[in-house]
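K.L.:
Requesting a structural model of the entry that follows:
(4 chains)
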Protein chains: 2
Amino acid sequence: MARGHVVTGTGLDRVAALGAELVPRRELWADVSSKTARKLVRAGVETFATRGFHGTSLRDIIAGTGLSTAALYVHFRSKEELLFEISHRGYTVSVEIVDAASAMDDPVEALQVLMYAFVRWQAEHHTVARVVFYQNDALNAEHRDALLVLRRDAERKVRVLLRRGIVAGAFADGDVRGIGAALLSLGIDVARWYGPRPSGSPDELGRLYSVLALRAVGVLD
Amino acid sequence: MARGHVVTGTGLDRVAALGAELVPRRELWADVSSKTARKLVRAGVETFATRGFHGTSLRDIIAGTGLSTAALYVHFRSKEELLFEISHRGYTVSVEIVDAASAMDDPVEALQVLMYAFVRWQAEHHTVARVVFYQNDALNAEHRDALLVLRRDAERKVRVLLRRGIVAGAFADGDVRGIGAALLSLGIDVARWYGPRPSGSPDELGRLYSVLALRAVGVLD
DNA sequence: GTCTATAGGAAGATAGAC
DNA sequence: GTCTATCTTCCTATAGAC
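P.N.:
Model (predicted):
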């Protein structure tokens, strides 16, 4: 590539190292109440991701778990609540990544690390992410609203970071709302297309997207 | 903004004018065989977009059309075929936009016009686009494969354009496959978030994204 | 081409035994 | 906490009259 430190890679190793720290390594479903509930959550993720919430029956979910459909109701109030459990966890992770990256001093580095960590997580957990970001319409109003709060929070924090970069003279002045939305959009959409035969590893994708993020904000180098 | 002709807007009016010509103005469902079939297609678009294919019943579709569920089977072999009719049209439009833009001489202008036209179409027809790009899993294997051919075609043509820009010395050398995917990803995802209360008009969004496309390829200016 | 009526099956959720 | 059995509702698709 041609343009300065943005793409020569020296900085990218550092971004990848810092970003990798922000990607939660703890078992994703550690907070789920019981072992059986976790089994159902994992089965729900797989089936919801491939057939969608409405395309998935209880019998699809329990297939392979050795459980009955009735067992689900011991651990969740409904099929919809199982979906919410999954979605809420995903949104929480996203907000945590945005928070941790935003806490960094240098806005340039913060933006790169944010994008790297988010995209890497989306790629590594693309099955989970597909459910988290593409099945919101199947939730009831209360649950949908709860996630909307988290989403708005993440969006706002990205805009704050962008403004910080502009004030610091690191990013070009511009449409903060539009560019912020585009950056998150880019990251979320990874879950849609990143499939079983991906064109690059989560790390490689994170590196590329961290560069694209800098270019999008018109980093002045 | 700060960096040269890319963002100062002089060129953007020209991009918008050229791009607007590529956005099909013909009635989207003009090719659908009969008036009643068109009515069903339109109803299908609305319901599939809000509740998804599997979340939509035949009774949801026909509600408000004055037709019965049986009427649908006169015009389509199944609910799935109705979805395919919609999806196929959307993919066709996308390929047409990519084709028309790719035919332009200057790769910089071609890329901008491509992004402008595609994003503007996605925003203007976000209801249709939601169905086209987010319900493919509900199609049968044969229909899914037919769309995959069109999708691959569009992806390949975008990569050809990117390489043309690199060879011409207009774009920075780089990860053509990854950046091409990211550009399409950015455009497609508009359909997911562009809702009833959008933050900008389709034209404004197209302009912004045409600038982001240039930045993504590292236009050397 | 449209309707009413319905077949035939699968859906989400619950009852009650263990 | 888990099961089997089942309730009730809703689903896609078809039959047959007009």
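K.L.:
Just give me how far stretch A:73-80 sits from the chain centre.
P.N.:
From the chain centre to the centre of stretch A:73-80 is a distance of 25 Å (Cα atoms, centre = their mean, to the nearest Å).
K.L.:
Any residues of chain A in contact with DNA strand D? List them.
P.N.:
Applying Cβ under 7 Å from any atom of the strand, one finds that chain A approaches DNA strand D through A:S34, A:T36, A:G66, A:L67, A:S68, A:T69, A:A70, A:A71, A:V74, A:H75. C-beta: built from backbone N, CA, C; applies to glycine.
K.L.:
Hmm, A:A17 and A:Y116 touching each other?
P.N.:
No: applying Cβ atoms under 8 Å as the test, A:Y116 and A:A17 come out as separate, 9.7 Å apart.
K.L.:
which strands and helices sit next to the helix or strand hosting A:V158?
P.N.:
Assigned by DSSP states H and E, A:V158 belongs to helix A:141-167. The elements that helix A:141-167 packs onto, with contact taken as 3 or more Cβ pairs under 8 Å, 6 or more residues apart in numbering or on different chains; DSSP states H and E, are helix A:79-102, helix A:107-124, helix A:176-193.
K.L.:
name the helices or strands packed onto the longest one?
P.N.:
For helix A:79-102, the helices and strands in contact under the criterion 3+ Cβ pairs under 8 Å, 6+ apart are helix A:10-22, helix A:35-51, helix A:58-62, helix A:107-124, helix A:126-134, helix A:141-167.
K.L.:
quick one, which of the ones you listed is nearest to B:A182?
P.N.:
helix A:107-124 (10.0 Å; Cβ to Cβ).
K.L.:
just to revisit the earlier point, got the helices and strands packed on helix A:141-167 as a markdown table, with mean pLDDT and mean neighbour count columns?
P.N.:
Converted to a markdown table, the helices and strands packed on helix A:141-167 look like this (pLDDT from 0 to 100; neighbours: other Cβ atoms under 10 Å in any protein chain shown):
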| stretch | mean pLDDT | mean neighbour count |
| --- | --- | --- |
| helix A:79-102 | 98 | 20 |
| helix A:107-124 | 98 | 26 |
| helix A:176-193 | 98 | 22 |
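K.L.:
residues from chain A in reach of DNA strand C?
P.N.:
Residues of chain A lying near DNA strand C by Cβ under 7 Å from any atom of the strand: A:T56, A:S57, A:L58, A:R59, A:D60, A:T69, A:A70, A:Y73, A:S78, A:K79, A:E80.
K.L.:
Make sure the first one is actually in contact with A:A49.
P.N.:
No: counting by Cβ under 8 Å, A:T56 stays clear of A:A49, with 9.3 Å between them.
K.L.:
ok, now how distant is A:Q112 from chain B?
P.N.:
Going from A:Q112 to chain B by Cβ to the nearest Cβ, to the nearest Å gives 15 Å.
K.L.:
and that residue, what does it touch?
P.N.:
Going by Cβ atoms under 8 Å, 6 or more residues apart in numbering or on different chains, A:Q112 touches A:G11, A:V15, A:G19, A:S210, A:V211, A:A213, A:L214.
K.L.:
Need those in CSV (columns: pLDDT).
P.N.:
Formatted as CSV, the contacts of A:Q112 follow (pLDDT from 0 to 100):
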residue, pLDDT
A:G11, 91
A:V15, 98
A:G19, 98
A:S210, 98
A:V211, 97
A:A213, 98
A:L214, 97
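K.L.:
mind listing what the closest residue in space to A:F53 that isn't next to it in sequence touches?
P.N.:
Of all residues not flanking A:F53 in the chain, A:A138 sits nearest, at 3.8 Å (Cβ to Cβ, 6 or more residues apart in numbering or on different chains). Residues counted as contacts of A:A138 (Cβ under 8 Å, 6+ apart) are A:G52, A:F53, A:H54, A:E80, A:L83, B:G52, B:G55.
K.L.:
Perfect, I'm done here.
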